[in-house]
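Engineer: 3D model of this:
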Amino acid sequence: MTPARHLQARGEAGPAGTEALRLQIMGPLRVWRGATELDTGPPQQRCLLALLLAREGQPVSTSDLIAMIWGPISPPSAVNVIHKYVGVLRRLLEPDLPSRSPGSYLFRSGNGYRFTAGPETLDLVAFRSHVGAAKASMGRGCLDDALDHYTSALRLCRGFAGDFPADSTGAAAIIAGIAGEFFDAAINAAEIAVQVRQPSRVLAPLRLAAEMDPLHELVHASLVTSLAASGQQAEALMVYQTIRKRLADELGIDPGQALQDAQRRVLTQTTLPRAEEADRIAPLAWTAGDVPLAPLVRPAQLPPDLSQFVGRSAEIDLLSDLVVGMSAVGRTSPLVVAMDGMGGVGKSTLAAHFARLVADEFTDGQLYLDLRGDHEDESVRAGDALHSMLYALGVPASHVPDTFDARVGTYRSLTAGKRILVLLDNVRDPAQVRPLLPNSAESLVLLTSRRPLLGLATFDGAHLLRIEVPDLRSARELLKRRLVRLPNRTTCPYDVEIVDEIIELCGRLPLALAILAARLNAHPTLSLAAVAADLRDGARRLEVFPGGADAYDPRTAFSWSYRQLSPGAARLFRLLAVAPSLGITAAASASLSGRDAVRTRAELEELTEAALVTEHDDGRFSSHVLVKAYAEECFESVEPPQERRAAVSRLLQYYLHSSFNAQVLLAPHRVPIEPPPALPGVVPEQPAAYDEAIAWFAAQREVLKEAVRLADDLGYGIVPWQLAITMQQYLQWAGHFQDWEDVMRTALHAARQSGDEVGEAHSLRSLAGARWSFGANVEALNLLAAALQIFEQRDMRLEQGLVNTNLHWVYEALGQDEQALTHGEKALALYQEIGYRRAVTFSLMSNGRSLARLGQLEESAQVLEQALKLHEQIQGEREVGSDATLLAVEGETRMAIAANLAETGRFGEAVEQLELSAETSRRVNHRPNQFEALLQLAKLLNLIGDAAAAREALERAEAVLASFPGGGPERLRDRFACLARRLPPAQKA
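Structural biologist: Below you'll find the predicted structure:
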């Protein structure tokens, strides 16, 4: 029967019997639409499809796909090739699919893809469905039904999956895992078939399994037993002799206990149960060789609960809900919950506590084993773990099977249909724990691991639960309970303020808090203040926690995870010691490391999986405060001085050049000061539009401030004032006046320390603008005078014009309009002299405003009209980078025009100009100008008697003010409050 006809015979064809899609992965990769077999393309495309089918229902990241298809050396175009193959496969599976539509099967998921299909479409899904149903029937003692389901599942396998090239062990392991599922199902089916006296039903799949893996002892033992039970003793003995010789020739070993027992049963003709006993044989009555299994004892191995356990209510509620859900109809496998998180976060404590809470519900006992996956060379092998588990279940040590497969089978037999709670601590990886999963849907398995056990979630339905550090309230309670019970202290050492500081300096890590409490108990004279002082020293923070050969302290916990990293990820971990405290993006990490972005992203994913960094929703990566302290130790001890300096320089130059690129798009009043070329490996951000530049500055504002401070502290990498200047316009327009002042004070300090007088002058001028924003006009004048002196000494004409423009603003704020106009005219002359038209436009606007304030309305109107015409001319020429600044100048110009119109009684036109001014400023995110235009609009509307419109304008101004950091500077809040008091109250309806 052809594959297409076989599927149709099962009733799985489409409505017309010709168009249904069918995919085969349990054998050579094949795809049909109706009766037509489809060409799945070149080998790498077939490999991609097979990997997605093997992980059906689970997302596979692009980086994982690249690694599994090409191995350690992938071409630069790998990502594009993946995207191309996905598009081709979507059209292959659904030829009528609209362009750019994901269709019904192949979906984008995060940074990768996910294939989803039902049992009627993909043979692997149907296989797993039948296996799950078989296990459920076994749990109920319905062996005939279980065998029916197993044979239906086994018929779906046609050999090894794939038949495509895969250059990585990861791809081979995933595909081999499908074969492993088939082998397990064949072995289980054989056990049932022999019991119910129907061994011939499993001979074909067992022969296929033996052919696929000629050295699989348990498969061959099942085949030997089934052949003998069906009356084919001669073939059974021949199969035994063949594998015995193969094991000796290829591995140099004798057959294991399972094979020897199978041969003995053939020779003694004891392969079938007596007919009168066949109907009452239960799964637990199976034998291991000639030795009947001991009756199941009720183990109670859970570790003791922590008497001082606090918090974790959200995690406990989630776990409780999962346990309650075990009663749902249709469950076919145990509930597996895998908790992961950084070392010392309290995974084991939480697991033991919850296990104690629900232990009584699992009436057949509780098993516990520390698999020591957090010890580099001491982790427990799965075979040894099975030996311990079988012994705990009552199997005498002398009767524990010798071979791994036999131990797995015995363990599954003993746990079938039982209500057992299994707690496995410190799991290394899924392969270590998968054989230890009980064969019962009524059982609960709690696992703890440093890394997410993705394989268990993918293939075993495990629920992954990330354990984070507790919140401040829980951490405070944890430390408080330990501190108030210290027997060596005569007085309670608890002080809320100091304790909270200690908690945050420890990053709320439970292990660290427990160690500190013990240290305080061991040293009664040690004060909390002294501990806090030690913790404040970031370079020596880990010294606060006593270590030693037998101690488990934070450094020991982190070192295990660090030693498991690949060389590239370990290097990146060390370099991240200098990352900003708020976190670092993948793009910034690439420049920090000097490596390509794809490689850096893969290394970040490795660090995230190892719980050494955390990826946040906004794309930043950060480390726990104590993990970062450990990274700093590694950075200092491993990286040579020249590499440490180069890494820091690359990171700072990434921020400088990225900020410069964003600033160019904001189009400031002056051309940005271009930084010197960056080091090799630095790849700065390149925002493509004004809105992208604004968004970049908004996301990186705190990080850029920290970068300026770091450059000042180190004295190398970048010139601090150059980075600070690139931030000025964004900080000013967005209303971050305090940030503006802070970074310019840092930049000024650095410039003076290095003797950079030009940098000092730039910093003085910008700092003056920040102080003017706060109304500190006299201080601003002094700062500007010092800057102007330096610029004049060096005949820097543009900079002199900018300072005179700033002096214009300050004198105008002081009400000294004639002095303001004098500086405005000086600025205009300098701008005209050097041909800087954008600044000419701004200067004309400022001068026109001053003329109006001096009562020279006609001359003011002429100057403002001149400013608007020049503005329109420049806009028409569409100079690169000019739009945002010119729109801001246009907004201010229209405010000045509105003032003139109002003075001449043309109120309607003035209102129109103010509305245009507010809208123009909103478009470029210039909050101060938008607020000013709306405030002037409210004043004017109130003056002409339109109170309702005035209140509406004032409400809009209030919304803008609320968008300022901290609700806006005090002088703006005072002006708003003053006008609000002057407006008449709203009329009641």
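Engineer: from now on I want contacts and neighbour counts done on CA atoms only, so please keep to that.
Structural biologist: Will do.
Engineer: those helices in the stretch 601-750 of the chain, which residues are they?
Structural biologist: For the stretch 601-750 of the chain, applying DSSP state H, counting those that start in this stretch gives helices covering 625-638, 641-666, 690-714, 720-733, 737-754.
Engineer: what of the stretch 801-950 of the chain?
Structural biologist: 817-834, 837-853, 857-877, 883-903, 907-923, 927-943, 947-962.
Engineer: state the mean pLDDT of the fourth one.
Structural biologist: Read that as helix 883-903. The average pLDDT for helix 883-903 rounds to 75.
Engineer: burial measure for the nearest residue to Ile25 once chain neighbours are set aside, as a count.
Structural biologist: Leaving aside its sequence neighbours, Ile25 sits nearest to Ala161 (CA to CA, 6 or more residues apart in numbering; 5.4 Å). Counted by other CA atoms under 10 Å, the residues lying close to Ala161 total 23.
Engineer: report the secondary structure state of Leu215.
Structural biologist: Put simply, Leu215 is coil when judged by DSSP: H, G, I helix; E, B strand; the rest coil.
Engineer: count the neighbours of Gln873 for me.
Structural biologist: 11.
Engineer: over to Gly159?
Structural biologist: Counted with other CA under 10 Å, Gly159 comes out at 17.
Engineer: ok, Trp70 next?
Structural biologist: 17.
Engineer: for it, give its distance to Val664.
Structural biologist: Taking CA to CA, to the nearest Å as the measure, Trp70 falls 41 Å from Val664.
Engineer: weakest of the helices of the stretch 801-950 of the chain by average pLDDT?
Structural biologist: Looking at these, the bottom one is helix 883-903 with a mean of 75.
Engineer: which one of the helices of the stretch 801-950 of the chain lies closest to Arg155?
Structural biologist: Closest approach to Arg155 among the helices of the stretch 801-950 of the chain (CA to CA): helix 907-923, 66.2 Å.
Engineer: thinking again about what came up before, which residues sit in contact with the residue nearest to Ile25?
Structural biologist: Ile25, Met26, Gly27, Pro28, Leu29, Ile175, Ala176, Ile178, Ala179 (CA atoms under 8 Å, 6 or more residues apart in numbering).
Engineer: which ones among the residues you listed map onto helices?
Structural biologist: Ile175, Ala176, Ile178, Ala179 (DSSP state H).
Engineer: quick one, phi psi at Ser109?
Structural biologist: With angles defined as degrees, to the nearest 10, Ser109 sits at phi -140, psi 110.
Engineer: which parts of the stretch 151-300 of the chain are strands?
Structural biologist: 287-288, 291-292 (DSSP state E, counting those that start in this stretch).
Engineer: surely Arg33 and Asp39 touch.
Structural biologist: No. Using CA atoms under 8 Å, Arg33 makes no contact with Asp39, being 10.8 Å away.
Engineer: looking at those two, which is more packed in?
Structural biologist: More neighbours surround Arg33 than the other of Arg33 and Asp39, with 20 against 11 (other CA under 10 Å).
Engineer: now the more buried one. Nearest residue, chain neighbours left out?
Structural biologist: Using CA to CA, 6+ apart and skipping residues adjacent in sequence, the residue nearest Arg33 is Leu21, 4.5 Å away.
Engineer: read off the pLDDT value for that neighbour.
Structural biologist: What the model reports as pLDDT for Leu21 is 88.
Engineer: count of residues packed around it?
Structural biologist: 21.
Engineer: ok, it to Glu94 distance?
Structural biologist: From Leu21 to Glu94 the distance is 9 Å (CA to CA).
Engineer: cool, Leu423 as well?
Structural biologist: 46 Å.
Engineer: which of those two has more residues huddled nearby?
Structural biologist: Remark: of Leu423 and Glu94, Leu423 carries more neighbours, 25 against 16, as counted by other CA under 10 Å.
Engineer: returning to what we had before: are any of the ones in helices among the contacts of Ala161 buried, and if so which?
Structural biologist: The neighbour count (16 or more other CA atoms under 10 Å) marks Ile175, Ala176, Ile178, Ala179 as buried among the ones in helices among the contacts of Ala161.
Engineer: need these in TSV (columns: pLDDT and distance to Gly681).
Structural biologist: Below are these laid out as TSV (pLDDT from 0 to 100; distance: CA to CA, whole Å):
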residue	pLDDT	distance to Gly681
Ile175	76	38
Ala176	77	40
Ile178	86	42
Ala179	86	45
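Engineer: pLDDT on stretch 721-739, on average?
Structural biologist: 91.
Engineer: pLDDT-wise, which helix or strand of the chain ranks last?
Structural biologist: Lowest on mean pLDDT, DSSP states H and E among the helices and strands of the chain sits helix 3-9, with a mean of 32.
Engineer: look up phi and psi at the closest residue to Ser109 other than its chain neighbours.
Structural biologist: Closest residue to Ser109 apart from its sequence neighbours, by CA to CA, 6+ apart: Pro59 at 5.9 Å. With angles defined as degrees, to the nearest 10, Pro59 sits at phi -70, psi 140.
Engineer: let me see the contact set for Pro59.
Structural biologist: Each residue near Pro59 by CA under 8 Å, 6+ apart is listed here: Ser109, Gly110, Gly112, Tyr113, Arg114, Phe115.
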